[in-house]
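**Student:** next one to model:
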Amino acid sequence: MSATLFVNGRFLALDSARSDVRCVLVQNGRVRQVFSEAKPAVDADTVDLDGATLLPGLVDHHVHLAELGALRRQLDLRATRSLVEVLEKVRSRAEHLPAGSWIRGWGWNDAVWREHGCPSAGDLDRVAPRHPVFLVRTDGHAAWVSSRALERLDAPRRVEGANDLEVWRDRNGALRGVFLDNAMLTLSTELPRPDAVELHADLLAALGACSRIGLTAVDDMATSLQAVSALASLDAEGLLPVRVNVYLDAKEISPTARVEDFNSAVSTRLKIIGAKLFADGAMGSRGARLHAPYADALQSVGIWVTEPHALRERCVNLASRGFQLAVHAIGDEANHAALNALEAAQATTGAAGHRIEHAQLLVADDIPRFARLGVTVSMQPIQAISDMSWIEDRLGQERCALAYPCHTLAESGAHILFGSDAPIESENPWWGIAAAVSRQNAAGEPSQGWHEEQRLSLAQALRAYSATGLVLGGADVDSYTAGAHADFTVLDADLFQMNTVTLHAVEPRATIFQGVFKACR
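**Tutor:** Numbering: from 1, shown residues only. Down below sits the predicted model:
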């Protein structure tokens, strides 16, 4: 295959030691040579970047591809701001579907509704009396369902004996129609699954959306075996527009499977790396596990999705079979338990490279443990902005000092990766980068940033969101090293001349994936 030389660009290495990059030669999908001169004498096709910025390929280190793609077939409720808005969308969908058809949706958020009170099955029954309705909360950790759905899913029997915090009931003990975490998962296993054709299309839609916004790789979290099979088919057909690193849903991994068992038939575009586990739930639905009670629910400290002892055992077992571990932990007590579990796994197996996902609330004593243990912290800075209007109600002002603590963790020496958690948030990496740098929304609010002491520099945010920060099989990847994957994001913008508000609006010109230039618009 002929080589390609990329010239006449601003080559952003994100490393002061590599500030002399003037052009890059790629061949067979990898970097062959980096030059500090503008026009080296090499035998290659030339691509003139016309002054564009070339930076290491952006990576979203936490997405859910199947769920993101499924939004094209479901109600997208992420922009709704009231109960009335949600119900109107359900009503409209019901008018266009045959009676008895499922209505599925994602993204309702009672924390930002103008109305007070909790949603109920009765609310949905009024607008869709002939349809089973199943709506997932914005955090992915709660479901709101109609009475027909309760019947269809045999909910009273299936959730009998569940944790009271996971099953909302009215004063008479009847099901309200809202289920959290394990109770939600128990019911969701009975929902109709997409067939192979639908899943194939869902994944293509999600991957295309990621590529068009300038991403060159994603870490797909809690991936089902069905989705892995579909991704492998896409890979074999040469249809993956971004690199996909998979953390399997730990519940689907058989007791004897090893990580290498899943990688025999995939290319470098697709790699099964590890396993995703859950310590607790989410802050918005008060399922995050806390050391002290919620400020607005003094009877509750949240939920264990996996009890600490069981979490430790599962981490040790999976690590012994070669899986890198990614543990969902949001509350401070859940993060403490997750660090303990990963410390035990490392002590038993000697393997490193494990991760904690989210780390939204920490206690001070746990901050230095990330760097000391070599545990990567995978965060979603945009969630601080999405949650800032209500998080102090949940936690109180004092605890918010160590909520979404990006800067504190960076200063401690922890290795930080960033992602979106799409579809919980938009897959647009610039929203996350801007949030990390400014701690503001797209309107520049609040003026000084929410807990501005947790802001990062633009270079830090880009490293956490790029291939320079990619952890793949435990090894760091430097995008401007001979032999590295030739994956880059191409921008018209000069990022370091922009203010933090306009960072939200960055649009990529193209991606270079495996050395191939592809326009994003």
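
**Student:** what number of residues lie near the nearest residue to Arg193 once chain neighbours are set aside?
**Tutor:** Of all residues not flanking Arg193 in the chain, Gln226 sits nearest, at 7.3 Å (CB to CB, 6 or more residues apart in numbering). Any C-beta I mention is one placed from the backbone N, CA and C, and that applies to glycine too. The number of residues packed near Gln226 is 15, by other CB atoms under 10 Å.

**Student:** roughly how far apart are Gln226 and Val112?
**Tutor:** Gln226 sits 33 Å away from Val112, going by CB to CB, to the nearest Å.

**Student:** could you do Thr53 as well?
**Tutor:** 35 Å.

**Student:** do the same with Trp106
**Tutor:** Separation of Trp106 from Val112 (CB to CB) stands at 15 Å.

**Student:** who does Phe6 form a beta bridge with?
**Tutor:** In this entry, Phe6 is beta-bridged to Val24, Val47, by DSSP bridges.

**Student:** related to what we said a few turns ago, who's more crowded, Thr53 and Val112?
**Tutor:** Neighbours per residue (other CB under 10 Å) separate Thr53 from Val112, with Thr53 holding more: 21 against 15.

**Student:** need the contact list for the more buried one.
**Tutor:** 9-10, 12, 490-495 (CB atoms under 8 Å, 6 or more residues apart in numbering).

**Student:** cutoff 10 Å now
**Tutor:** 9-12, 488-496, 506, 508-509 (CB atoms under 10 Å, 6 or more residues apart in numbering).

**Student:** which of those residues fall in strands?
**Tutor:** Applying DSSP state E to the contacts of Thr53, the entries found in strands are 10-11, 488-491, 508-509.

**Student:** so which pair among these is furthest apart in space?
**Tutor:** Greatest spatial distance in the ones in strands among the contacts of Thr53: Phe11 and Pro508, 15.6 Å, computed using CB to CB.

**Student:** circling back: may I see the ChimeraX selection of the buried members of the contacts of Thr53?
**Tutor:** Of those, the buried ones can be selected in ChimeraX as follows, counting by 16 or more other CB atoms under 10 Å:
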select :9,10,11,12,488,489,490,491,493,495,506,508,509
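
**Student:** the residue nearest to Arg193: which element?
**Tutor:** helix 225-236 (DSSP states H and E).

**Student:** that helix: what's the following helix or strand?
**Tutor:** Using DSSP H and E, the first helix or strand after helix 225-236 is strand 243-249.

**Student:** compute the inter-axis angle for that next one and helix 225-236.
**Tutor:** 160 degrees (axes from the mean of the first three to the mean of the last three CA atoms, to 10 degrees).

**Student:** what is strand 243-249 packed up against?
**Tutor:** Applying 3 or more CB pairs under 10 Å, 6 or more residues apart in numbering; DSSP states H and E, one finds that strand 243-249 makes contact with strand 58-63, helix 196-212, strand 215-223, helix 225-236, strand 270-278, strand 324-329, strand 471-472.

**Student:** buried set for the first one?
**Tutor:** Of the residues in strand 58-63, those scored as buried under the neighbour-count criterion (16+ other CB under 10 Å) are 58-63.

**Student:** now swap in the fourth one and tell me
**Tutor:** Residues of helix 225-236 classed as buried by neighbour count (16+ other CB under 10 Å): 227-228, 230-232, 234-235.
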